[in-house]
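Undergrad: Next one to model:
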Amino acid sequence: MKLNYKQYSTAGEPLLILHGLFGSLGNWGWHSRELAKHFAVTGLDLRNHGGSPHSDDMDYQCMANDVLEFMDDHRIERCHLLGHSMGGKVAMQLALQAPQRVDHLIVADIAPVQYKGEHDSIFDGLLAIDLASIGSRNEADQMLVKYEEDELVRQFLLTNLVKNPEGGFQWRINLPVLRASYAKLRDKPVGGVFDGPVLFVKGALSNYITEKHREEILQSFPRAKIKIIMHTGHWLHAEKPQTFYRIVHNFLNPDATSPDSAIEEL
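TA: Residues are numbered from 1 along each chain as shown. Have a look, this model is predicted:
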């Protein structure tokens with residue numbers, strides 16, 4: 001599959017950035033532009049998201065293969081990978097099945113484990129929006145608030161609601177397939193071992209990475225380190241962008257370390 005992408009720079013070592021569930025490359029615009037000062041940064045829309053094609057197939061192996069196809073098409077032999085949540089699992093899957101193609105791996109607030117369903121109410125809410133009857137995103141928001149109280153989360157979700165050229169609104173995400181594939185998206189990456197440098201970044205207020213996950217992390221990524229950003233949740237890159245940027249930059253540039261009191265290690 002030919003993924004939609006945005007090239008932020010061409011100078012430096014290649015760095016690919018992968019968004020999470022319901023997201024798009026635009027969610028990482030600030031980080032992409034900042035990191036582009038030092039790396040050849042490309043943001044990708046994963047399949048069934050953003051401007052990328054839709055498909056009935058949706059699992060981590062096929063998503064990792066999409067990224068590998070992008071690398072082949074653009075003659076990227078090896079790259080740094082940064083992925084958040086679902087995108088983090090895609091990045092881990094790629095590193096496990098094609099370790100020779102990955103230099104440094106950065107995983108934002110997700111572990112290589114199977115999770116319980118935490119998005120069922122969001123799916124219910126998005127599918128409950130009557131696209132034929134709404135005239136604005138505000139009307140959609142009023143429907144969605146019954147299922148999701150957090151206004152910032154609703155605003156993020158509704159970035160996927162776009163105008164239909166023929167009138168009205170449509171979802172740019174492939175919502176039915178995402179719902180049908182949700183069990184696969186909760187699953188863990190599979191494959192061998194990636195023994196390259198790996199950094200997991202956890203939001204202190206998030207439960208997606210916990211102490212009990214350490215053993216499973218090290219089984220697949222024996223050189224992994226885990227850093228914690230204090231006073232942040234799952235959306236750590238948006239809540240503390242400067243701190244998250246420094247962590248990533250320092251990991252990829254070990255000679256440019258700058259300590260931060262907002263960071264701890266797990």
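
Undergrad: so M143 touches I129, yeah?
TA: Yes. Contact criterion C-beta atoms under 8 Å: M143 and I129 qualify, at 5.0 Å. Quick note: C-beta positions are derived from backbone N, CA and C, even for glycine.

Undergrad: These two - which one has more neighbours?
TA: More neighbours surround I129 than the other of M143 and I129, with 22 against 16 (other C-beta atoms under 10 Å).

Undergrad: Contacts only, for that one.
TA: Neighbouring residues of I129 by C-beta atoms under 8 Å, 6 or more residues apart in numbering: A140, M143, L144, L161.

Undergrad: so the first one touches I134, yeah?
TA: Yes. If you go by C-beta under 8 Å, A140 and I134 touch, sitting 5.1 Å apart.

Undergrad: Pull up the overlap in contacts between those two.
TA: F169.

Undergrad: Same drill for these two, tell me which one is more crowded.
TA: A140 (23 against 17).

Undergrad: what about the strand or helix carrying the more buried one, average pLDDT?
TA: Assigning secondary structure by DSSP states H and E places A140 in helix 137-144. Mean pLDDT, computed over helix 137-144, is 94.

Undergrad: Check which element follows it along the chain.
TA: Taking DSSP H and E, what comes next after helix 137-144 is helix 151-157.

Undergrad: Next, the buried residues of the next helix or strand after that following helix.
TA: Next along the chain after helix 151-157, taking DSSP H and E as the criterion, comes strand 161-163. For strand 161-163, burial by neighbour count (16 or more other C-beta atoms under 10 Å) applies to L161.

Undergrad: Not counting residues beside it along the chain, what's closest to S85?
TA: Spatially, and ignoring its direct neighbours in sequence, S85 is nearest to G20 (3.2 Å; C-beta to C-beta, 6 or more residues apart in numbering).

Undergrad: Specify the local secondary structure of that neighbour.
TA: Judged by DSSP: H, G, I helix; E, B strand; the rest coil, the three-state class of G20 is coil.

Undergrad: all helices for the protein, in order.
TA: 29-35, 60-73, 86-97, 120-128, 137-144, 151-157, 175-180, 182-185, 214-220, 236-239, 241-252 (DSSP state H).

Undergrad: looking at these, which is buried most?
TA: Among the helices of the chain, helix 86-97 has the highest mean neighbour count (mean count of other C-beta atoms under 10 Å), at a mean of 27.

Undergrad: How far off centre is that helix?
TA: 10 Å (C-alpha atoms, centre = their mean, to the nearest Å).

Undergrad: one step back: between the helix holding A140 and helix 120-128, how big is the angle?
TA: 130 degrees (axes from the mean of the first three to the mean of the last three C-alpha atoms, to 10 degrees).

Undergrad: If you count contacts, what does helix 137-144 end up packed against?
TA: Packing partners of helix 137-144 (3 or more C-beta pairs under 8 Å, 6 or more residues apart in numbering; DSSP states H and E): helix 120-128, helix 151-157.

Undergrad: Out of the helices of the chain, which gets nearest to K2?
TA: helix 60-73 (7.4 Å; C-beta to C-beta).

Undergrad: So S181 is in contact with M58, correct?
TA: Yes. S181 lies in contact with M58 (C-beta under 8 Å); the separation is 3.7 Å.

Undergrad: Do me a favour and average the pLDDT over stretch 234-252.
TA: Here the average pLDDT along stretch 234-252 is 96.
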